[in-house]
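> Quick one, fold the following:
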Amino acid sequence: MSDGNSTPSSSLVQSQDEKTCFKCGITKPLSSFYRHAAMADGHLGKCKECTKKDTKSNYRLKIDQYHEYDKKRGQDPERKKKMVEYSRSKRKRYPLKYAAWREVQGALIKGVLIRMPCEVCGHNVVEAHHDDYSKPLEVKWLCRRHHKILHGKLVSEI
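Below is the predicted model of the structure:
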């Protein structure tokens, strides 16, 4: 017999450290949702996976708009100044990497090194990849996508 104070079964109760995504309808831990100060629980209403899908879809639909925005933003004097500062600090942090890059550029200009298609897909727009920066002219030619994959920086495609 119930005394009126019974609680619903635990399968129907959502704990405070979980949330249901309004997009996919799956209940997930709060760590699967981006933080958002304006929301009552401090997290966005859709999960990270759904948010990423929506962001990629939006980018594809408005790619020309985003390219124009990035081009305009790149002309801002303050942004240019910060990019120069960033480049200088990166060169100081990675002197061997910078020296290898410079040597490759010089070798390309002199014709000592010839740019080849991507070793993986055959694409013609390529970057030089070094397995060992102390051997600057020993390079693998990779397109941007495969270079990022090699370094583990490409998680999903846009």
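> tell me the domain boundaries of this structure?
18-55, 74-150 (automatic domain parsing).
> Export those domains to TSV and append columns for mean pLDDT, distance to Ile63 and mean neighbour count.
Quick note: C-beta positions are derived from backbone N, CA and C, even for glycine. Shown next, in TSV, are the domains of the chain (pLDDT from 0 to 100; distance: least, CB to CB, whole Å; neighbours: other CB atoms under 10 Å):
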stretch	mean pLDDT	distance to Ile63	mean neighbour count
domain 18-55	95	13	14
domain 74-150	96	16	13
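> Rebuild these as CSV, extending it with distance to Gln65.
As requested, those are exported to CSV (distance: least, CB to CB, whole Å):
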stretch, distance to Gln65
domain 18-55, 14
domain 74-150, 15
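> for those, which one sits closest to Asp64?
Nearest to Asp64, of all the domains of the chain, is domain 74-150, at 15.7 Å by CB to CB.
> ok so, going back, for the domains of the chain, which one sits closest to Tyr66?
Closest approach to Tyr66 among those (CB to CB): domain 18-55, 11.0 Å.
> For this structure, which segments are assigned as strands?
Under the criterion DSSP state E, the chain contains strands at 18-20, 27-29, 33-35, 43-47, 127-130, 139-142.
> what's the spacing between the longest one and its chain's center?
Looking back up the chat, that one is strand 43-47. 20 Å (CA atoms, centre = their mean, to the nearest Å).
> re earlier: so which of the strands of the chain comes closest to Ile114?
Comparing the strands of the chain by CB to CB, strand 139-142 comes nearest, at 9.3 Å.
> any idea how far the nearest residue to Tyr98 once chain neighbours are set aside is from Arg79?
Leaving aside its chain neighbours, Tyr98 sits nearest to Arg91 (4.5 Å; criterion: CB to CB, 6 or more residues apart in numbering). Counting by CB to CB, to the nearest Å, the gap between Arg91 and Arg79 amounts to 19 Å.
> try Cys50
31 Å.
> tell me the contacts of the nearest residue to Gln16 once chain neighbours are set aside?
Excluding the flanking residues, the one nearest Gln16 by CB to CB, 6+ apart is Asp41, at 7.8 Å. Asp41 makes contact with 16, 19, 30, according to CB atoms under 8 Å, 6 or more residues apart in numbering.
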